[in-house]
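In: fold the following, please.
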Amino acid sequence: MTYENVKKEPLIRVAKRPELSSKKAILVRLLSVVAALILGGLLVLALGHNPIAVYGDIIKGSLLTPTALKSTVKIAVPLLGAALAIAPAFKMKFWNCGAEGQITVGAIVATYFALFHVDDMPPVLLFTTAFIGAALAGGLWGLIPAFFKARWGTNETLFTLMLNYIAIGFVKYLRIGPWMDKGQMFPKIPMFDKAARLPEVFGVHIGWIIVLALVFSIYIYMTRTKHGYEIAVVGESVSTARYSGMNVAKVIMRTMFLSGAIAGIVGWMMVCGTNYTLSDTTANGYGFTAIVVAWLSKLNPFTMVIISAFLAVLQKGSNTIQTNFGIPASASDVLTGLILLCMLGSEFFINYRFVFRKKTVGGDD
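Out: Here you go, the predicted model:
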């Protein structure tokens with residue numbers, strides 16, 4: 001290697017790592033958790049608190065009392081649902097960043113039935129109609145960027161992101177306009193009648209049963225069906241899919257309709273099972289956090305259950321330590337962010353490695 005070539009070669013470069021064994025991959029992930037706890041502990045020490053006590057309070061405040069456990073499950077359910085929603089699209093390498101908007105439009109339709117048809121329908125029919133309406137609304141909202149992508153090759157990331165703001169803007173219009181609660185000083189949409197609220201099983205609304213059913217359904221759909229195979233082929237290579245005779249545009253639109261429909265169902269759960277009203281923040285960031293869940297789980301629905309539960313514990317526990325230790329909300333968010341950063345970093349080191357430029361003697365290797 002000549003001196004000129006050495007100068008052109010970077011000091012450090014990133015290279016694809018040969019596939020690690022499952023044991024080594026698990027070890028890297030465990031080490032990332034240890035690193036996260038250490039970094040988080042240093043942050044807690046800097047704030048003047050005992051890291052062990054704070055971590056213990058996170059566990060206690062999220063899992064060790066019936067009320068805390070129910071609250072944690074209520075956080076995990078929509079997060080898992082949103083992750084399942086984007087999984088088929090991500091498998092197809094259609095980067096659906098619009099789950100927030102799809103959740104919101106599903107919630108809008110569910111709210112319409114809950115507010116204006118609660119006296120016209122028995123509860124079972126009301127819930128079923130709102131469920132179907134929310135799924136259709138979310139699916140059609142997801143179909144918009146899919147159509148433009150299939151027809152004109154538009155950038156789905158930007159398109160889906162912008163649709164989020166349109167959906168939220170429509171909620172604001174409803175909140176200060178036709179659906180505003182006239183009996184309130186602050187403009188808000190009325191709370192739902194008890195007849196329009198989802199029944200509970202073990203203290204949590206029945207949405208958790210639906211989401212668990214979706215875990216099995218999405219796994220079977222993506223791994224055992226013709227549609228799932230087509231999604232995988234389109235994700236690997238659009239040219240190969242076309243060469244094999246697949247209608248790529250149809251696959252894109254069908255998959256995004258499914259993705260949006262599941263997100264719409266999450267919106268139905270949020271308004272009818274958790275919030276009992278519609279607001280600008282109904283989606284609550286679940287659509288974006290779901291991207292982290294999907295990434296860490298490698299689109300495996302069963303792994304998503306574990307990751308969603310872990311993030312729900314962090315979120316509920318961070319709320320607890322704010323109260324019990326007086327830790328600012330910003331600091332608890334940083335603590336959560338450090339843990340997520342280490343978890344995401346582990347996936348990088350599993351797939352890639354740093355290569356350093358070799359030293360040369362006399363201008364040659």
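In: which strands or helices does the helix or strand where residue 13 lies pack on?
Out: Element membership for residue 13 (DSSP states H and E) is strand 12-16. If you count contacts as 3 or more Cβ pairs under 8 Å, 6 or more residues apart in numbering; DSSP states H and E, strand 12-16 packs onto strand 352-356. (Glycine included, C-beta is placed from N, CA and C.)
In: partners of the strand it packs on in the sheet?
Out: Looking at strand 352-356 with DSSP bridges, its partner strands are strand 12-16 (antiparallel).
In: report the mean confidence score over the strand it pairs with.
Out: For strand 12-16, mean pLDDT rounds to 79.
In: one step back: go through the strand holding residue 13 and flag the buried ones.
Out: Using 16 or more other Cβ atoms under 10 Å as the test for burial, strand 12-16 gives no buried residues.
In: that one: what's the following helix or strand?
Out: Next along from strand 12-16, by DSSP H and E: helix 22-46.
In: now for residue 74, how many residues are close by?
Out: Per other Cβ atoms under 10 Å, the neighbour tally for residue 74 reads 20.
In: that one and residue 200 touch, don't they?
Out: No - counting by Cβ atoms under 8 Å, residue 74 stays clear of residue 200, with 10.3 Å between them.
In: quick one: the residue nearest the centre of the chain and residue 334, what's the gap?
Out: Nearest to the mean C-alpha position of the chain, by Cα atoms, centre = their mean, lies residue 290 at 0.9 Å. From residue 290 over to residue 334 the distance is 21 Å, taken as Cβ to Cβ, to the nearest Å.
In: which residues are contacting the strand holding residue 13?
Out: Here strand 12-16 makes contact (Cβ atoms under 8 Å, 6 or more residues apart in numbering) with 351-357.
In: confirm the residue nearest to the centre of the chain sits in a strand?
Out: No - if the criterion is DSSP: H, G, I helix; E, B strand; the rest coil, then residue 290 is helix and not within a strand.
In: which strand or helix spans the closest residue to residue 129 other than its chain neighbours?
Out: Among residues not flanking residue 129 along the chain, residue 113 sits closest, at 5.6 Å (Cβ to Cβ, 6 or more residues apart in numbering). Following DSSP H and E, one finds residue 113 within helix 99-116.
In: how about the contacts made by residue 74?
Out: If a contact means Cβ under 8 Å, 6+ apart, then residue 74 has 204-205, 274 as its contacts.
In: filter the residues you listed down to the buried ones and hand me the PyMOL line.
Out: Remark: buried members of the contacts of residue 74, expressed as a PyMOL selection using 16+ other Cβ under 10 Å:
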select buried, resi 204+205+274
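In: find the nearest non-adjacent residue to residue 346, please.
Out: Nearest non-adjacent residue to residue 346 (Cβ to Cβ, 6+ apart): residue 32, at 3.4 Å.
In: returning to what we had before: need the max-distance pair from the contacts of strand 12-16.
Out: 351 and 357 (21.5 Å; Cβ to Cβ).
In: give me the distance between residue 51 and residue 311.
Out: 20 Å.
In: let me fix that: residue 88
Out: 21 Å.
In: where does pLDDT dip in the stretch 251-365 of the chain?
Out: Scanning the stretch 251-365 of the chain for pLDDT under 70 picks out 359-365.
In: what ranges does it have for its helices?
Out: Under the criterion DSSP state H, counting those that start in this stretch, the stretch 251-365 of the chain contains helices at 286-297, 301-325, 329-351.
In: need those helices in JSON lines with distance to residue 68, can you?
Out: Below are the helices of the stretch 251-365 of the chain laid out as JSON lines (distance: least, Cβ to Cβ, whole Å):
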{"stretch": "helix 286-297", "distance to residue 68": "20"}
{"stretch": "helix 301-325", "distance to residue 68": "7"}
{"stretch": "helix 329-351", "distance to residue 68": "16"}
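In: quick one: pLDDT of the residue nearest to residue 346?
Out: 87.
In: which ones are touching it?
Out: Residue 32 neighbours (Cβ under 8 Å, 6+ apart): 342-343, 345-346.
In: over to residue 152?
Out: Neighbour list for residue 152: empty [criterion: Cβ under 8 Å, 6+ apart].
In: so residue 135 sits right up against residue 261, yeah?
Out: Yes - using Cβ under 8 Å, residue 135 is in contact with residue 261, at 4.3 Å.
In: anything in contact with each of these two?
Out: Contacts common to residue 135 and residue 261, judged by Cβ under 8 Å, 6+ apart, are absent.
In: residue 138 versus residue 213, what's the distance?
Out: 17 Å.
In: where's residue 13 relative to residue 74, distance?
Out: Counting by Cβ to Cβ - residue 13 and residue 74 are separated by 46 Å.
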